[in-house]
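# Please work out how this folds:
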Amino acid sequence: MARWLNDPMTRSPDFPCLYALIDPAQAGGRSSVEVAEALLAAGVRLIQYRDKQASSRELYASARQVAECVRQAGGIFIVNDRADIARAVDADGVHVGQDDLPVESARALLGPGKLVGYSTHVLEQVREADASSADYIAFGPIFPTASKANPDRVVGLSGLREARKATRKPLVAIGGISLETARAVIEAGADSIAVISALVGASDIRARAEEFLKQVT
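Numbers count the residues shown, from 1 in each chain. Just a heads-up that it's a prediction; the model follows:
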């Protein structure tokens, strides 16, 4: 899997501009595979699977199904938090947060050729991530979000602009991003926007994903 590197204040031409997160808790009762199929049909090519409530066995079973679906469509599949599950289902990578495995440990567990993403919330963390082997950096929340029980402090578009100056790695903006704000987030320096509830919570996921793609491409 290729690594991405871009110049400051410019977007990476290779990093997908829409990063969809599938969370069963926000999918309105639809199966994760159904959600993945709708996203992929719309043209989404970067999908992360996140389930904070599932047991390890349940997470493995669901992640394996979604991984196969994404693989058949030629997309990139990332598992949230769990490098062991990512390895077990042969995912393209794992996304870790501040309280998860360190980036280098996750990479050692996954093996060569896999992607490791890293969540950051303040500029110091962005700089630390930039010095690590992380393939991309997530930064946020950009706006208030209900996707986390205890969200970090909102950084806003001004914070995103500062984060853009602090790293040459692909920067993924996350947190409360809607159709109305998506374009402004990209213009503030994000290579990609990560969306959960505004995407998988829609009544027509495929149509909503298509609308998001129009905003950011």
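# in this protein, which spans are helices?
For the chain, the helices defined by DSSP state H cover 32-42, 56-72, 83-88, 103-110, 123-131, 156-166, 179-187, 197-200, 205-216.
# by contact count, what packs against the third one?
Other elements packing on helix 83-88 under the criterion 3 or more C-beta pairs under 8 Å, 6 or more residues apart in numbering; DSSP states H and E are helix 56-72, strand 76-80, strand 93-96, helix 103-110. Glycine gets a C-beta too; all of them are placed from N, C-alpha and C.
# what sits up against that helix?
56, 59-60, 63-64, 78-79, 91, 93-94, 96, 101, 105-106, 109-111, 114 (C-beta atoms under 8 Å, 6 or more residues apart in numbering).
# mind running it again at 7 Å?
Leu59, Tyr60, Ala63, Val79, Gly93, Val94, Leu101, Ala106, Leu109, Leu110 (C-beta atoms under 7 Å, 6 or more residues apart in numbering).
# distance of the second one from Thr120?
This points to Tyr60. Here the criterion is C-beta to C-beta, to the nearest Å. By it, Tyr60 lies 27 Å from Thr120.
# These two - which one has more neighbours?
The residue with more neighbours, out of Tyr60 and Thr120, is Thr120; 27 against 17, by other C-beta atoms under 10 Å.
# OK, contacts around the nearest residue to the more buried one once chain neighbours are set aside?
Leaving aside its sequence neighbours, Thr120 sits nearest to Val126 (C-beta to C-beta, 6 or more residues apart in numbering; 4.8 Å). Contact partners of Val126, counting by C-beta under 7 Å, 6+ apart, are Thr120, Ile137, Phe139, Ala163, Ala166, Thr167.
# any weak-confidence spans in this structure?
1-13, 147-149 (pLDDT under 70).
# one more time with 80
For the chain, the stretches with pLDDT under 80 are 1-13, 146-151.
# if we can go back for a sec, would you mind listing which of the contacts of Val126 are buried?
Applying 16 or more other C-beta atoms under 10 Å to the contacts of Val126, the neighbour count classes Thr120, Ile137, Phe139, Ala163, Ala166, Thr167 as buried.
# Kindly indicate which of these lies nearest Phe212.
Phe139 (18.5 Å; C-beta to C-beta).
# The closest one contacts Leu171, doesn't it?
Yes - with contacts counted by C-beta atoms under 7 Å, Phe139 reaches Leu171, the gap being 6.0 Å.
# joint contacts of the two?
Ala163.
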